[in-house]
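Undergrad: my questions are about this predicted structure, shown below with the sequence.
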Amino acid sequence: MMNVTTEGNKRRSAILTPTVGVGSAALFLIALPFLLQNQLYYLDTVILALLWGAAAGAWNLAGGYGGLLSLGHAAFFGIGAYTSTLLFVRLGISPWLGMLVGAVLAAILGWLIGIITLRMKGPFFGLATIAIAEVLMIVAVNWTEVTQGSQGITVPYKPGFANMAFDSKIPYYFIALVICLIPFLLARWLKQSKFGYELMAIRDNEAAAQALGIHTVRVKVGILVISSAITAVAGTFYAQYVTVIEPYHEFSFNVSIQMVLMTMIGGLGMALGPVFGSFVVTGLDTLMRDLLQGTQGGVHAMMYGTLLVLVVLFVPEGMIPWLKERFRSGKGGRSHGSVVDSGASDQTFRGPDGGG
């Protein structure tokens, strides 16, 4: 009888613990913008961190779960920013519709890149993404009649939900939060779905995946299309929030590397990794702006390079797995049979039930 009661308590605890955790996190996320509404500088930092967490999370779907090393994801980010902005400025079309159009265009571009390059062996995919981003930057700079070239485009401020423009930062926060949740929830789904199982099998051993009958090119192209579309959505929101876009930023290599860096800092192939990394990088960026007072020069590139070297040298699996390991060590060491926990970054092949 005692054993039955104990077993029942364990089951209830196993159900209640994650439920309480999710509920607490949801309440905190809902309350946060209201707690910071009188500290707009910090609220702005949080919004930007969520925005870049969404972009990095989109990159993580392809790079972390699919093993597709894209170094030109700024191409999709820029497409989202420029498509919605041009439709809004030139034709008066709502940025919400422009966001959808930008996502479709980015998805088509991702599909084309994937179909052409993912059948080949070697670094062709990574090089192709860099080249596409550079080509789009050149087009945006030189097509001055439409894009205003290197001067960029200023998004007119017309408050209203239809124009994705608000007098308060709180609506921007919730939009950024929803966009950030999209790649996070998709990453969680990948760990439990057949598609995710196939994707991670390809990442870990493509030859073995092909031997199992998995259509490797179709799966890789599929995740690239999804990743491209979400990155474009983040680009649209960036344009509406910052209200100024210019080609040397939106299509820049720095933007692409920023997504990679944020993911690696948090944990490659982890649902929460890009968001964690985004808050680290955005927080450091804000701190440096305060300290340097606008005299940054090439400090951003130096900061990204330094962070990347430190991560690769000291926490190659990312900070979240490292913090989990420290936490377990502090509680008396790793428990036996914690295979799934120790592989939180999904860097080893396992079935759809693996990882949470």
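TA: On my side now, so go ahead. Since this is a predicted model, take the numbers as computed values, not measurements.
Undergrad: alpha carbons only for contacts and neighbour counts from here, please
TA: Noted.
Undergrad: who's in contact with F77?
TA: A55, T231, A232, V233, A234, G235, T236, E250, F251 (Cα atoms under 8 Å, 6 or more residues apart in numbering).
Undergrad: repeat the analysis, applying 10 Å as the threshold.
TA: Neighbour list for F77: 55, 102-103, 106, 133, 228-239, 250-252, 255-256 [criterion: Cα atoms under 10 Å, 6 or more residues apart in numbering].
Undergrad: distance from the one helix or strand it maps to to the middle of the chain?
TA: F77 belongs to helix 74-91 when assigned by DSSP states H and E. Computed by Cα atoms, centre = their mean, to the nearest Å, the chain-centroid distance of helix 74-91 equals 19 Å.
Undergrad: which parts of that helix are buried?
TA: For helix 74-91, burial by neighbour count (16 or more other Cα atoms under 10 Å) applies to 74-88.
Undergrad: which SSE is immediately downstream of the helix or strand encompassing L109?
TA: Per DSSP H and E, L109 falls inside helix 95-117. Next along the chain after helix 95-117, taking DSSP H and E as the criterion, comes helix 124-142.
Undergrad: isn't A107 up against H73?
TA: No. Using Cα atoms under 10 Å, A107 is not in contact with H73; the gap is 11.7 Å.
Undergrad: any common contacting residues for these two?
TA: S227, S228, T231, A232.
Undergrad: mean confidence for the helix or strand containing D290?
TA: For D290, the host element (DSSP H and E) is helix 273-292. In this model, helix 273-292 carries a mean pLDDT of 86.
Undergrad: and the helix or strand just after that helix with helix 273-292, angle?
TA: Per DSSP H and E, the first helix or strand lying C-terminal to helix 273-292 is helix 299-314. Per axes from the mean of the first three to the mean of the last three Cα atoms, to 10 degrees, the angle that helix 299-314 makes with helix 273-292 is 130 degrees.
Undergrad: mind giving me the packing neighbours of the helix or strand following helix 299-314?
TA: The helix or strand immediately downstream of helix 299-314 is helix 319-330, counting by DSSP H and E. When contacts are defined as 3 or more Cα pairs under 10 Å, 6 or more residues apart in numbering; DSSP states H and E, helix 319-330 sits against helix 253-266, helix 273-292, helix 339-342.
Undergrad: and stretch 315-326, what's buried?
TA: By 16+ other Cα under 10 Å, the buried positions in stretch 315-326 come out as V315, P316, E317, G318, M319, I320, P321, W322, E325.
Undergrad: of all those, which two lie farthest apart?
TA: Greatest spatial distance in the buried residues of stretch 315-326: P316 and E325, 13.2 Å, computed using Cα to Cα.
Undergrad: which strands and helices lie in contact with the helix holding L109?
TA: So helix 95-117, by 3+ Cα pairs under 10 Å, 6+ apart, packs with helix 74-91, helix 124-142, helix 216-242.
Undergrad: quick one, it and helix 216-242 angle?
TA: If you take the same axes, to 10 degrees, helix 95-117 sits at 150 degrees to helix 216-242.
Undergrad: mind checking how far Q210 is from L69?
TA: Using Cα to Cα, to the nearest Å, we find Q210 at a distance of 20 Å from L69.
Undergrad: the two: who's more crowded?
TA: More crowded of Q210 and L69, by other Cα atoms under 10 Å: L69, with 18 against 15.
Undergrad: list the residues that contact the more buried one.
TA: Residues near L69 by Cα under 10 Å, 6+ apart: W59, N60, A62, G63, P123, F125, G126, L127, T129, V260.
Undergrad: tell me which helix or strand it sits in.
TA: Using DSSP H and E, no helix or strand contains L69.
Undergrad: show the backbone phi and psi for F174.
TA: phi -70, psi -30 (degrees, to the nearest 10).
Undergrad: mean neighbour count for the helices and strands packed on helix 319-330 - can I get that in CSV?
TA: Compiled in CSV, these are given as follows (neighbours: other Cα atoms under 10 Å):
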stretch, mean neighbour count
helix 253-266, 25
helix 273-292, 19
helix 339-342, 15
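Undergrad: of all the ones you listed, which lies closest to P159?
TA: P159 sits nearest to helix 273-292 of all these, at 26.7 Å, using Cα to Cα.
Undergrad: that older thread, put together JSON lines for the helices and strands packed on helix 95-117, with mean pLDDT and distance to A187 on each row.
TA: Compiled in JSON lines, those are given as follows (pLDDT from 0 to 100; distance: least, Cα to Cα, whole Å):
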{"stretch": "helix 74-91", "mean pLDDT": "97", "distance to A187": "19"}
{"stretch": "helix 124-142", "mean pLDDT": "95", "distance to A187": "22"}
{"stretch": "helix 216-242", "mean pLDDT": "97", "distance to A187": "11"}
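Undergrad: OK, contacts around the nearest residue to D167 once chain neighbours are set aside?
TA: Using Cα to Cα, 6 or more residues apart in numbering and skipping the chain neighbours, the partner closest in space to D167 is P159 (6.6 Å). By Cα under 10 Å, 6+ apart, the residues touching P159 are A165, F166, D167, S168.
Undergrad: which of those count as buried?
TA: For those, buried by 16+ other Cα under 10 Å: A165, F166.
Undergrad: rebuild the contacts of P159 as CSV, extending it with secondary structure, pLDDT and distance to L190.
TA: Compiled in CSV, the contacts of P159 are given as follows (DSSP: H, G, I helix; E, B strand; the rest coil; pLDDT from 0 to 100; distance: Cα to Cα, whole Å):
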residue, secondary structure, pLDDT, distance to L190
A165, strand, 95, 33
F166, coil, 95, 35
D167, coil, 93, 37
S168, coil, 94, 35
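Undergrad: which of the contacts of P159 sits closest to Y197?
TA: A165 (40.1 Å).
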